[in-house]
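Only the shape, not the letters, is given here:
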């Protein structure tokens with residue numbers, strides 16, 4: 001009798017083990033993660049990556065329909081990731097002023113500070129090579145966000161600012177060409193979230 005009970009227990013344990021091991025192979029698990037669900041409700045097959053890489057015109061229509069909760073989920077998702085860049089100053093000099101014999105001069109300097117609850121650190125420098133200038137970030141770090149851009153602004157206002165393009169990395173040294181931009185007039189660097197119009201960081205140049 002005891003032997004029969006022992007055999008039954010062994011068989012029962014084995015059956016339960018097989019069920020849990022093989023179960024995922026035969027049954028679809030329903031995953032209702034908040035962000036994918038929220039994005040799919042806005043547009044079929046929409047993912048975080050697709051949203052971030054949309055052109056502004058396409059994305060604007062979706063943002064107008066978003067709830068504050070969905071925006072918070074997207075912001076939280078972006079914050080999980082860091083993008084690292086390491087650009088050399090000499091490479092930028094060779095690119096913007098390849099034939100110049102001038103010694104680079106550090107003409108403006110500002111220290112980054114976080115805005116709207118976001119963290120930032122490092123310095124922004126305007127480096128002049130003869131008549132050519134470029135913007136450089138060193139020891140830079142900022143809270144990551146969806147589609148962050150770098151702006152040169154008048155006292156921190158992006159509405160009157162000039163977009164230098166996407167932020168190359170949330171961590172690391174990086175360079176941005178200034179072209180004809182006058183750093184005496186456009187005196188504040190701003191890191192700005194394009195989709196949701198949120199200021200992430202700024203550095204006042206002096």
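Yep, that arrived. As the structure is a computational prediction, the values presented were derived from the model and not from experiment. Residues are numbered from 1 along each chain as shown.

Please parse the protein into its domains.
Segmentation of the chain into domains, based on automatic domain parsing, reads 1-80, 89-204.

from those, which stretch is densest packed?
Neighbour counts (mean count of other C-beta atoms under 10 Å) averaged over each of the domains of the chain peak at domain 89-204, with a mean of 17. Any C-beta I mention is one placed from the backbone N, CA and C, and that applies to glycine too.

distance between the ends of that one?
21 Å (C-alpha to C-alpha, to the nearest Å).

Repeat that for stretch 42-49.
For stretch 42-49, the end-to-end distance is 14 Å (C-alpha to C-alpha).

picking that back up, mind telling me which of the domains of the chain the model trusts least?
Per-stretch mean pLDDT for these is lowest at domain 1-80 (a mean of 73).

So what touches the strand or helix carrying residue 77?
Residue 77 belongs to helix 68-79 when elements are defined using DSSP states H and E. Outside helix 68-79, the residues that touch it by C-beta atoms under 8 Å, 6 or more residues apart in numbering are 34-35, 38-39, 42, 48, 51-52, 63, 143-146, 195-196, 198.

of all those residues, which two lie farthest apart?
The two members of these with the most space between them (C-beta to C-beta) are 42 and 143, at 24.2 Å.
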